[in-house]
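J.: just coords:
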Ligand code: FNR
Ligand code: LAC
C-alpha cells in the first residue's frame, strides 16, 4: 500500500503483513515476538479457531446492541486497548495517538507503566479517552504508590496490576535484534519508573519486584480508590485468590505469549476461571483476538470484555492515531456482523450455547 493509504487494508491480517514490511526491524521484533519457541504465541490465535459458532436464525437482528457491563458500568462494546509498553517506538503519535483511537471508537485505553507518555500528559492531551492505568510494581514501592496517586488524580478509572512479569520472558527475537531503540523513546518511561536517563525494556524489568505477592494486591485494593484488576492469571486457583484479596476483576492472559512459552491460551484457560470466579469477579481475556468472531467466542466462554494488543499497535505503526482507529473499527464492524449472523441481538445475551468445539483442526499459521 502507498504510505498514508490504509483504505486497501480490510482485515487485521492485512495490517499485520503491512506492519511487518514497514516497521523498523528491532521495533517489529519487540512488538510481535513471543517467548521461547512461540508455541503459545501461535496458539493464542489458533485457540479461537478451534471453536465453532452455533448461529440462530430468524431472531430479528435489525437492531443490535454490542454494549456490555463492566465494573458495574455500561460500556458501548467489549473492546479494550491492551497495555503495551513503548508505543512511540511504533509511531511518533505513541500513546496519545492510541488514546485518540480509543476515544474515537468508545474503547477503553489501558496505559502501560512503561509508556513513552506519562499518565498526566495523556490525560491532558486526550481527556475524553476512557482510561485505565496498568501498574508494574517496582521493588521501590514508593514509586508504585506515586504512580497510583497520579492515575487517581488524572481520571483513570481502574488500576490494572500485571502479575505475570516477575522477570521478563526470554524472547529470542529481541536477543537476535539487540532490541535497538532510540534513547529518546525510553526517557519518559524511565521517569515513570522513578529513574533518570533512559532504560531499555530489559533494564526496566530488573526494577520490577519479583517478590510481589497477593498481600501486595490486597494492599493496593484497600489503598486505592480505584477498582483493582489483576492481569495475567491462567488458573482457577489464582482467580479464587484474586477474589479473596480484593480484586474486582481479572484478565485471563498469557501476556500475548511473551512470558512463559507453552502455557495455555486465554481461550483454553478461560472456562474454569469463569466458573471459579462466579459473580465475585468480572473476567476479561486477551491474546490472539484478531476477528469479530473471536470476540463473540470470548463472550460465549464467559468473558465480559476483551483486550486487543498487537493489532492496535500495527495500526498505530502504519497510520498513527488514524491507523489504530481503523483497526478498532474493523474489529467492531466484524463483531456487529457476527452478532447479526449469529442471531444475537445483544452482546449481553451471548452464552455457551453460541459455540461448540470445532470439528476441524485449527489452521497452521
Ligand atoms: C505487551 N503487553 C503488556 N502487558 C502489560 O501488562 N504491560 C505492558 O507494558 C505490556 N507491554 C506489551 C508490549 C507489547 C509490544 C505487546 C505486544 C504486549 C501484553 C498485552 O497487554 C496483552 O496481554 C497482549 O498483547 C495480548 O495479546 P495480543 O492481542 O497482542 O495477541
Ligand atoms: C513486554 C513488557 C514490557 O511484554 O510488558 O514487553
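T.: Now that the structure is in, tell me what you want to look at. Note that the coordinates shown come from a computational prediction; the quantities given were computed from them, not determined experimentally. Numbers count the residues shown, from 1 in each chain. Ligands and ions are numbered 1, 2, ... in the order given.
J.: from now on I want contacts and neighbour counts done on CA atoms only, so please keep to that.
T.: Fine.
J.: what parts of the stretch 251-365 of the chain come near ligand 2?
T.: With Cα under 6 Å from any ligand atom as the criterion, the stretch 251-365 of the chain meets ligand 2 at residues residue 258.
J.: can you list the residue ranges for strands in the stretch 251-365 of the chain?
T.: Secondary structure of the stretch 251-365 of the chain, counting by DSSP state E, counting those that start in this stretch: strands at 282-286, 305-308, 355-357.
J.: which one of those strands is the most hemmed in?
T.: Highest mean neighbour count of the strands of the stretch 251-365 of the chain: strand 282-286, a mean of 27 (counted as mean count of other Cα atoms under 10 Å).
J.: that older thread, need the strands of the stretch 251-365 of the chain in a markdown table (columns: distance to ligand 1 and mean pLDDT).
T.: Formatted as a markdown table, the strands of the stretch 251-365 of the chain follow (distance: least, Cα to the nearest ligand atom, whole Å; pLDDT from 0 to 100):
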| stretch | distance to ligand 1 | mean pLDDT |
| --- | --- | --- |
| strand 282-286 | 5 | 99 |
| strand 305-308 | 4 | 99 |
| strand 355-357 | 21 | 98 |
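J.: would you format these as CSV with distance to residue 113 included?
T.: Converted to CSV, the strands of the stretch 251-365 of the chain look like this (distance: least, Cα to Cα, whole Å):
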stretch, distance to residue 113
strand 282-286, 18
strand 305-308, 17
strand 355-357, 36
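J.: buried residues of the helix or strand hosting residue 237, list them for me.
T.: Per DSSP states H and E, residue 237 falls inside helix 236-244. Neighbour-count burial for helix 236-244 flags 236, 238-240, 242-243 (criterion: 16 or more other Cα atoms under 10 Å).
J.: mean confidence for stretch 228-242?
T.: For stretch 228-242, mean pLDDT is 98.
J.: give me the residue at the spatial middle of the chain.
T.: residue 82 (2.3 Å; Cα atoms, centre = their mean).
J.: quick check, that residue in contact with residue 305.
T.: No. Counting by Cα atoms under 8 Å, residue 82 does not reach residue 305; the two are 11.3 Å apart.
J.: returning to that earlier point: which of the buried residues of helix 236-244 sits closest to residue 266?
T.: residue 236 (12.5 Å; Cα to Cα).
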